[in-house]
Structures are given as structure tokens and as C-alpha cells.
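**Student:** Quick one: sequence and predicted model below, then my questions.
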Amino acid sequence: MPPHTSPAPHTPPLPDGPHVIDPAGGCPHALNARLRAGRGAVAEVVLPGGVPGAVVLGHDALRDFLAHPDVAKDARHCPALHDGTVPRDWPLRVFANARGMHTADGEDHRRLRALVGRAFTARQVERLRPRVEELTAALLDDLERAAAASPDGVADLREHVALPLPMSVICELLGVDPEHRGRLHHLSHQVIVATDISPAEAMAAVRELVELMGTIAAARRAAPGEDLTSALIAAREDDGDRLSEAELIGTMRLMLVAGHETTLNLISNAVRALCAHRDQLALVQEGRATWSDVVDETLRWDGPVSWFPFRYPTRDLSFGGTVIPKGTPVLAGYTAAGRDEGFHGPDADRFDLTRPTRARSLSFGHGAHYCVGAPLARLEATIALERLFTRFPGLDLALPEGELAYQRSFIGNSVDTLPVRPLPRPPRPAAPGPAAGSR
């Protein structure tokens with residue numbers, strides 16, 4: 001295997017017909033490679049629940065698809081969701097039924113994005129740097145304490161750093177009281193990430209999450225503060241047609257989920273990549289690459305989101321030589337595009353911080369719906385990684401990469417837990433073995 005590649009497990013050839021998505025998901029890269037090789041830039045799929053759909057896998061095709069003026073986010077453009085074809089309890093309806101910036105088009109989208117975007121300008125995000133640094137330092141203390149208290153010196157980096165950092169930041173931005181944060185993560189994980197749960201479990205999680213968002217909004221309405229939720233409520237009440245209650249709750253839910261789940265996976269995947277490629281870590285530690293390079297290459301090589309629902313062509317459209325019929329629910333194949341050899345070259349499977357095209361990853365989207373929180377995610381990830389490996393330059397995984405349990409999801413892309421040993425010094429190189437014939 002060439003250096004810096006991830007192992008591709010043996011998989012059988014693709015069967016004829018649309019690819020049937022496994023709700024349990026797992027590491028996506030071998031499947032992505034098989035689908036690109038066998039089906040091209042776009043593949044027909046059967047979504048969980050037996051619903052026909054498609055996934056865009058090629059970089060160029062996905063870039064064009066995400067920015068195409070005749071591709072919509074509003075589910076009214078998917079007739080099957082409204083004519084009885086798709087069951088009412090279909091778990092993936094959560095992505096279609098939500099109302100907010102992420103499911104709006106045209107003027108509605110511009111209106112909502114303008115309200116939210118004020119909190120995520122470069123200047124506003126940079127103002128958060130001291131708070132992110134403060135939180136990171138405290139969380140690294142917590143990681144070290146947890147490892148010291150463990151008999152084998154191991155602690156879960158996701159639990160102690162990668163989750164609480166973005167969760168704390170986004171909750172402070174939204175004005176969410178600390179007592180809600182654990183439950184919010186559990187519910188958002190159930191709704192967005194855990195695609196193998198039952199329809200009843202998914203619907204119950206959606207209802208509870210919406211109710212909890214309503215409780216948070218009511219608290220901020222009663223006691224406004226210097227937070228994004230209070231600002232959204234004020235915008236609605238100053239001009240009643242600017243933000244409906246459903247849009248308020250939907251936008252809060254989007255900010256909460258996207259504001260921590262993706263950064264949690266981004267930090268986790270970057271740590272895994274650096275631990276598996278110590279020579280690439282050395283480039284950063286020696287000043288020959290930057291922590292921003294690490295974030296960019298991780299977004300390309302092992303992005304935090306694999307196949308994300310949904311967009312709908314408003315007419316029959318061709319991408320990469322394949323026609324996607326009008327109204328089809330389409331997944332954006334971010335992890336597939338990140339390793340597309342047609343764009344990134346024959347070594348697309350290599351984790352390479354010097355790669356010139358890494359910054360052109362599509363992991364934060366493209367076009368009008370480019371992730372509004374991307375600057376914040378980058379800030380959090382670069383600070384977390386720099387401080388982590390500066391304080392623990394010998395940090396390493398406590399389990400081989402192949403033994404880490406993947407998230408049971410075809411949407412999220414990371415592991416469930418990330419046990420690490422936060423060592424203060426890099427590991428010593430292995431001593432050379434005896435020369436052949438010396439015994």
C-alpha cells in the first residue's frame with residue numbers, strides 16, 4: 001500500500017440496479033470508490049425505507065449540482081413526499097420537513113441567511129478566538145485528568161475535547177443554558193446521525209428536539225441576551241413577516257446541530273489522520289505546514305459528513321453524463337467527491353498536507369448554501385489541534401484504527417469514540433532489529 005493511504009477493505013462487486021443504502025453506514029471510502037468506478041459521478045440509490053433517490057459522487061458533478069439554479073432545497077419540489085408514495089413515518093422526513101435556512105430557496109433563503117450570517121462574519125468569528133482558546137485549555141486539562149485517572153492512561157478525546165468544545169461555543173452563541181447541552185447532543189445525534197434507528201425512535205427524537213428548542217426560545221424571549229436566539233426573536237418581533245415561528249425553531253435547530261456535530265467529527269478525523277501519519281504531523285510541528293493545512297486536508301480526505309440529504313432537481317438535469325429526474329431526492333456525496341481521482345489525481349487516497357487542491361474541498365458545500373458556520377468550524381478545529389499536539393506531542397490512538405467503531409450512519413462520518421493516550425513526549429522510534437544472519 002502506498003504511503004499515507006487508508007486501507008480499503010475487500011468488498012464484493014456491485015450488484016446490478018440501484019445501490020441499496022445500508023442505514024448502519026460505516027466507513028464510506030471503499031463504497032465510494034466502488035460506486036464511482038462502477039456507476040460514475042452519479043449513482044441511483046434506494047434510500048432506507050425503500051425510497052428511490054440518487055447520490056452525486058464526483059467532485060465536478062457535485063460542485064455543479066450544488067450551485068445549479070434548478071436544484072432546490074424546499075421539499076415541495078419532491079412530489080413523492082406529498083402524494084402518499086413515501087410513508088408519513090419515513091425517518092428521513094426530518095430533513096425534508098424542517099423549516100429554516102437550510103431548506104429555503106431564493107428570497108426566503110437570502111432573508112434567513114442575512115439574519116444568521118451577522119453572527120458568523122470573519123470579524124465576529126475572530127472575536128470568539130479568546131473564548132475558544134480558554135475553553136480548549138480547560139478541556140485539555142480535563143482530558144489529562146481523565147487519562148491520569150484511568151489505569152491504562154487512556155481517555156476518550158471525543159468526550160473530553162472534540163464534543164464539548166463546539167457544543168459549548170454554539171450553545172453560548174445561541175444562549176442555551178448549560179443544563180440542556182447533554183440532552184441536545186443526544187437528540188441531535190438521534191435525529192441527524194443515527195440513521196439505523198427505528199421510525200418511532202426517530203420521530204420521538206424529532207418531537208423532543210423541537211420542544212426543547214421551543215423551551216430555549218421561550219427562555220430567551222422572556223429574558224433576552226446578547227445571543228443569536230435573542231437577535232432572531234427580535235428580528236421576528238420587529239417585523240412579523242421576517243421570521244416565522246417554524247423558521248425560528250428550524251434555524252435554531254440547524255445552528256445547534258451543524259454547529260457541533262460537524263466540528264466534532266472534523267476534530268476527531270484530523271486527530272486520527274495525524275496519529276496514523278506521523279510524518280505529516282512532523283511537517284506541522286516543524287513549521288513546514290500549518291494547522292489550517294491539516295483542517296483543509298482532513299475536510300478533503302475524511303470529511304465530517306458523508307452523504308447529506310436532500311436536494312431536488314426542479315426539472316430533469318444531467319450531471320456527469322447521468323440524468324437525474326425532476327423531483328428526485330438527492331444526496332450530496334461529500335466524502336466521495338473528496339477522494340475523486342478525476343479531480344484530486346491518482347493519489348487522491350493519500351493524506352498529504354502539501355496537496356495543492358486540498359483547499360478546494362466541497363465539505364462545507366458550494367454555492368448559495370455554502371456553510372455559514374465554516375469560519376467558526378475552522379477556528380475551533382485549528383485551535384483545538386494546535387493546542388492538543390503542542391501540549392501532548394506524543395498523543396496517540398489507544399486502539400489500532402481498524403478497531404475503532406464507526407458511527408452507525410451513512411450521513412455522519414467518524415467514529416463513536418476516540419480513545420487516546422495524551423503523552424507529553426513523542427514515542428521513541430523502534431530500535432533496529434538484529435541484522436539478517438547475525439544469530
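**Tutor:** It's in.
**Student:** hey, where'd the strands end up in this protein?
**Tutor:** Ranges of strands in the chain, per DSSP state E, are 19-20, 42-47, 51-56, 71-72, 155-156, 307-313, 317-319, 322-324, 330-333, 396-397, 419-421.
**Student:** In a markdown table, list those strands along with mean neighbour count and distance to Arg110.
**Tutor:** Placement of C-beta: from N, CA and C, glycine included. Formatted as a markdown table, the strands of the chain follow (neighbours: other CB atoms under 10 Å; distance: least, CB to CB, whole Å):
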| stretch | mean neighbour count | distance to Arg110 |
| --- | --- | --- |
| strand 19-20 | 15 | 35 |
| strand 42-47 | 22 | 28 |
| strand 51-56 | 24 | 24 |
| strand 71-72 | 22 | 14 |
| strand 155-156 | 22 | 41 |
| strand 307-313 | 23 | 17 |
| strand 317-319 | 18 | 23 |
| strand 322-324 | 18 | 25 |
| strand 330-333 | 26 | 21 |
| strand 396-397 | 18 | 44 |
| strand 419-421 | 21 | 43 |
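**Student:** right, and these - which one's nearest Gln285?
**Tutor:** Of all the strands of the chain, strand 396-397 sits nearest to Gln285, with 14.2 Å by CB to CB.
**Student:** Show me what the closest one is packed against.
**Tutor:** For strand 396-397, the packing partners by 3 or more CB pairs under 8 Å, 6 or more residues apart in numbering; DSSP states H and E come out as helix 245-276, strand 419-421.
**Student:** Determine which stretch of the ones you listed is the most buried.
**Tutor:** Burial of the helices and strands packed on strand 396-397 is given as mean neighbour count (mean count of other CB atoms under 10 Å); helix 245-276 ranks first at a mean of 23.
**Student:** Show me the one of the strands of the chain that comes nearest His369.
**Tutor:** strand 307-313 (8.7 Å).
**Student:** The closest one to strand 51-56, inter-axis angle?
**Tutor:** 100 degrees (axes from the mean of the first three to the mean of the last three CA atoms, to 10 degrees).
**Student:** mean confidence for strand 307-313?
**Tutor:** Strand 307-313 shows a mean pLDDT of 96.
**Student:** So in that sheet, which strands flank it, and in what orientation?
**Tutor:** The strands that strand 307-313 pairs with in its sheet are strand 71-72 (antiparallel), strand 330-333 (antiparallel) (by DSSP bridges).
**Student:** Would you format the strands of the chain as a markdown table with distance to Thr136 included?
**Tutor:** Formatted as a markdown table, the strands of the chain follow (distance: least, CB to CB, whole Å):
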| stretch | distance to Thr136 |
| --- | --- |
| strand 19-20 | 40 |
| strand 42-47 | 38 |
| strand 51-56 | 35 |
| strand 71-72 | 38 |
| strand 155-156 | 15 |
| strand 307-313 | 27 |
| strand 317-319 | 41 |
| strand 322-324 | 43 |
| strand 330-333 | 30 |
| strand 396-397 | 20 |
| strand 419-421 | 15 |
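**Student:** Distance of Thr382 relative to Leu254?
**Tutor:** Applying CB to CB, to the nearest Å, the value for Thr382 to Leu254 is 23 Å.
**Student:** go on, Pro424?
**Tutor:** Separation of Pro424 from Leu254 (CB to CB) stands at 40 Å.
**Student:** Arg111 touches Ala235, doesn't it?
**Tutor:** No. Taking contacts as CB atoms under 8 Å, Arg111 lies outside contact range of Ala235: 9.7 Å.
**Student:** Check the contact lists of those two and give me the overlap.
**Tutor:** The contact sets of Arg111 and Ala235 overlap at Arg242 (CB atoms under 8 Å, 6 or more residues apart in numbering).
**Student:** how about stretch 71-82: buried residues?
**Tutor:** For stretch 71-82, the buried set under the neighbour-count rule, 16 or more other CB atoms under 10 Å, comprises Val71, Ala72, Lys73, Asp74, Ala75, His77, Cys78, Ala80, Leu81.
**Student:** Redo these as JSON lines? Include distance to Ser318 and pLDDT.
**Tutor:** Below are the buried residues of stretch 71-82 laid out as JSON lines (distance: CB to CB, whole Å; pLDDT from 0 to 100):
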{"residue": "Val71", "distance to Ser318": "12", "pLDDT": "98"}
{"residue": "Ala72", "distance to Ser318": "17", "pLDDT": "98"}
{"residue": "Lys73", "distance to Ser318": "20", "pLDDT": "97"}
{"residue": "Asp74", "distance to Ser318": "22", "pLDDT": "96"}
{"residue": "Ala75", "distance to Ser318": "23", "pLDDT": "95"}
{"residue": "His77", "distance to Ser318": "18", "pLDDT": "97"}
{"residue": "Cys78", "distance to Ser318": "19", "pLDDT": "97"}
{"residue": "Ala80", "distance to Ser318": "21", "pLDDT": "96"}
{"residue": "Leu81", "distance to Ser318": "23", "pLDDT": "95"}
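**Student:** Next, format the residues you listed as TSV and append distance to Gln280.
**Tutor:** Rendered in TSV, the data for the buried residues of stretch 71-82 read as follows (distance: CB to CB, whole Å):
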residue	distance to Gln280
Val71	36
Ala72	40
Lys73	36
Asp74	42
Ala75	41
His77	43
Cys78	42
Ala80	45
Leu81	44
